[in-house]
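>>> model this:
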Amino acid sequence: MSPRGRGLEHYLWLAGAAAGVAGLGLAALFLTPDPSGHGTHCQLGLPPCLAMWLLGLPCPGCGVTTSVVLAARGDFAAALANQPFGFAVFFGVVAFAGWALVAELTGRNLHADVRLLNRANVWVPVAALLLAAWVYKLVTL
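Modelled structure (predicted):
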């Protein structure tokens, strides 16, 4: 335990928040949003979407990386129009980083705060947003 009563977990969450912001910055600098609205992740050496390749239909994650990169570049309207869940992921990373910074500066235990949020009343709406964004992507592709 640190003198402020925060354990290693607090600092791991803080490091994760910093890594998320760094990742957004690197994505904005080094990735180019794929004009098709999906496939940007292939620039990271990842394979193309199997569902898109086999069925011609997007998987629930299709377009998330593209939308995150668009949002990281400041093109919020395009990010939202492309894949709403990716837009939400971008703002989730930014919001979490802000929350982590405030927790660090005010002496709160970030790990304890995160444990309080890890409940169904948080994850069910996230899953519902993912499902709604997937339906949106199916309709608009």
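
>>> secondary structure class for the residue sitting nearest the centre point of the chain?
By CA atoms, centre = their mean, the mean C-alpha position of the chain lies nearest to Val89, the distance being 2.9 Å. What DSSP: H, G, I helix; E, B strand; the rest coil gives for Val89 is helix.

>>> residue contacts, it?
Under the criterion of CB atoms under 8 Å, 6 or more residues apart in numbering, the contact list for Val89 reads 64, 67-68. To be clear about C-beta, it is placed using only N, CA and C from the backbone, and glycine gets the same treatment.

>>> output the worst-scoring helix or strand of the chain on mean pLDDT in CSV with nothing but the alpha carbons.
Considering only helices and strands, the least confidently modelled element of the chain by mean pLDDT, DSSP states H and E is helix 110-117, at a mean of 85. Included here for helix 110-117 are C-alpha records, laid out as CSV according to Å, rounded to 0.1, in the frame of the first residue of the first chain:
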residue,chain,number,x,y,z
LEU,A,110,-9.1,4.4,-8.7
HIS,A,111,-9.3,0.7,-8.3
ALA,A,112,-12.0,0.9,-5.7
ASP,A,113,-14.0,3.3,-7.9
VAL,A,114,-13.7,0.9,-10.9
ARG,A,115,-14.8,-2.0,-8.8
LEU,A,116,-18.0,-0.1,-7.9
LEU,A,117,-18.7,0.4,-11.6
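
>>> just checking, what packs against the next helix or strand after that helix?
Using DSSP states H and E, the next helix or strand after helix 110-117 towards the C-terminus is helix 120-140. If contacts are counted by 3 or more CB pairs under 8 Å, 6 or more residues apart in numbering; DSSP states H and E, helix 120-140 sits against helix 84-106.

>>> just how off-centre is the helix it packs on within its chain?
9 Å (CA atoms, centre = their mean, to the nearest Å).

>>> go on, stretch 134-141?
What separates the centre of stretch 134-141 from the centre of its chain is 19 Å, taken as CA atoms, centre = their mean.

>>> contacts for it?
Defining contact as CB under 8 Å, 6+ apart, one finds that stretch 134-141 is touched by 37, 57-60, 62-63, 83-85.
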